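just coords:
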């Protein structure tokens, strides 16, 4: 009985965590200086952290880049 309760609580917590994620992606025209200074030229895709809840994704490409959220 305890195993069933533990499994159900774990399942509920996983489902709750998955449904609470909010994604907000926006394209910026002016890249902040700290991002420009930290870009590694030999790395195509990079993630830069501004603060706990704010990140910059940089992609080096010869053409246009499009994104979509699933």
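Here it is on my side, so go on. All values reported here derive from a predicted model rather than from experimental measurement.

Next up, the contacts around the residue sitting nearest the centre point of the chain.
In the chain, the residue lying closest to the centroid (CA atoms, centre = their mean) is residue 55, at 7.2 Å. Shown in contact with residue 55 (CB atoms under 8 Å, 6 or more residues apart in numbering): 47, 48, 49. Any C-beta I mention is one placed from the backbone N, CA and C, and that applies to glycine too.

Within its local environment, how many residues does the first one see?
Going back to what we said before, that points to residue 47. Residues contacting residue 47 under the criterion other CB atoms under 10 Å number 8.

Please name the bridge partners of it.
As for beta bridges, residue 47 partners with residue 57 under DSSP bridges.

from what I can see it touches residue 54, true?
No. Checked against CB atoms under 8 Å, the pair residue 47 and residue 54 is beyond contact range at 11.5 Å.

mind listing the strands in the protein by residue range?
45-51, 54-59 (DSSP state E).

and residue 39, how many neighbours does it have?
Counted by other CB under 10 Å, the residues lying close to residue 39 total 13.

With residue 66 instead?
Counted with other CB under 10 Å, residue 66 comes out at 5.

give the contact list for it.
Listed by CB under 8 Å, 6+ apart, residue 66 has no contact partners.
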